[in-house]
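Undergrad: sharing a model prediction with you, sequence too.
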Amino acid sequence: VLGKTGFIECNQVAVSLFGCKSEAHFCSFNPVIVSPDQQPCGTSSMELAGEYVAKANRDGSCQFEWLHRRVDTGETFYSDVLLTSMVIDGEVVIQGNVRDITDRKRSEHYEIFRTNVLQQIASDASLDSVLESIALGVEQFEPSALSCILLLDATESHLEVGAAPSIPSFYITAINGTEI
């Protein structure tokens, strides 16, 4: 529950979802603190949060997708948010229902990636271009990973780097032409 100065109440699910130590710990924050500086659309979280709260107050409720940030790890997660304006003890407050939709968003992003690669193949894009798209896509899905696609040369006895957009050049030099 959001009051004039920040969160005033929450449940244990919110404590866990946002990586807080306790309900009091969670209530020491405001919505901007548990969000990255900007939302995926490029708008500042502070500005957009204000717009959504105003809409909920004006219309009674407001539903939208939001990128949140965990307090303990700083890791971001996508959520579906429903804000509902209500009066408690004479004070207008906003009740927020937050549901983690990270898995769904990840599946959506994967499907876009897969479709783009298939479109490249169908449009007769070069092998280099397709392989680079695949390597970059893998790195987007696993930001801590660096992707390298290795191919066999014409003799099928040596490795060739097919795509390695983020791999250091010394590695590419070392692996290219390696006999197997």
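TA: Nice, I can see it. Please read these numbers as outputs of a predicted model, since none were measured by experiment.

Undergrad: contacting residues around L159?
TA: 150-153, 175-178, 180 (Cβ atoms under 8 Å, 6 or more residues apart in numbering). (Each C-beta comes from the backbone N, C-alpha and C, glycine too.)

Undergrad: point me to the helix or strand that includes it.
TA: Using DSSP states H and E, L159 falls within strand 159-163.

Undergrad: biggest strand in the chain by residues?
TA: For the chain, the strand reaching the highest residue count under DSSP state E is reported as strand 76-88.

Undergrad: can you list contacts of the helix or strand following it?
TA: Proceeding N to C from strand 76-88, the next assigned helix or strand is strand 91-100, under DSSP H and E. Applying Cβ under 8 Å, 6+ apart, the contact partners of strand 91-100 are 1-4, 8, 14, 17, 31, 53, 56-57, 66, 68, 77-87.

Undergrad: mind listing what's buried along strand 91-100?
TA: Residues of strand 91-100 classed as buried by neighbour count (16 or more other Cβ atoms under 10 Å): 93-94, 96, 98.

Undergrad: coming back round to it: mind listing the strands the strand holding L159 pairs with, and their directions?
TA: Strand 159-163 sits in its sheet next to strand 149-152 (antiparallel), going by DSSP bridges.

Undergrad: export only the CA atoms of the longest helix along the chain, formatted as PDB.
TA: Criterion DSSP state H: the longest helix present in the chain is helix 102-122. Presented in PDB, the C-alpha positions along helix 102-122 are these (Å, rounded to 0.1, in the frame of the first residue of the first chain):
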ATOM      1  CA  THR A 102       9.800 -12.300 -16.000                       C
ATOM      2  CA  ASP A 103       9.400 -15.800 -17.400                       C
ATOM      3  CA  ARG A 104       6.700 -14.600 -19.800                       C
ATOM      4  CA  LYS A 105       8.700 -11.600 -20.900                       C
ATOM      5  CA  ARG A 106      11.700 -13.800 -21.500                       C
ATOM      6  CA  SER A 107       9.700 -16.200 -23.600                       C
ATOM      7  CA  GLU A 108       8.300 -13.200 -25.600                       C
ATOM      8  CA  HIS A 109      11.800 -11.900 -26.200                       C
ATOM      9  CA  TYR A 110      13.100 -15.300 -27.200                       C
ATOM     10  CA  GLU A 111      10.200 -15.700 -29.700                       C
ATOM     11  CA  ILE A 112      11.100 -12.300 -31.300                       C
ATOM     12  CA  PHE A 113      14.800 -13.300 -31.400                       C
ATOM     13  CA  ARG A 114      13.900 -16.700 -33.000                       C
ATOM     14  CA  THR A 115      11.600 -15.000 -35.600                       C
ATOM     15  CA  ASN A 116      14.300 -12.500 -36.500                       C
ATOM     16  CA  VAL A 117      16.900 -15.200 -37.100                       C
ATOM     17  CA  LEU A 118      14.400 -17.200 -39.200                       C
ATOM     18  CA  GLN A 119      13.600 -14.100 -41.200                       C
ATOM     19  CA  GLN A 120      17.300 -13.600 -41.900                       C
ATOM     20  CA  ILE A 121      17.600 -17.100 -43.100                       C
ATOM     21  CA  ALA A 122      14.500 -16.900 -45.200                       C
END
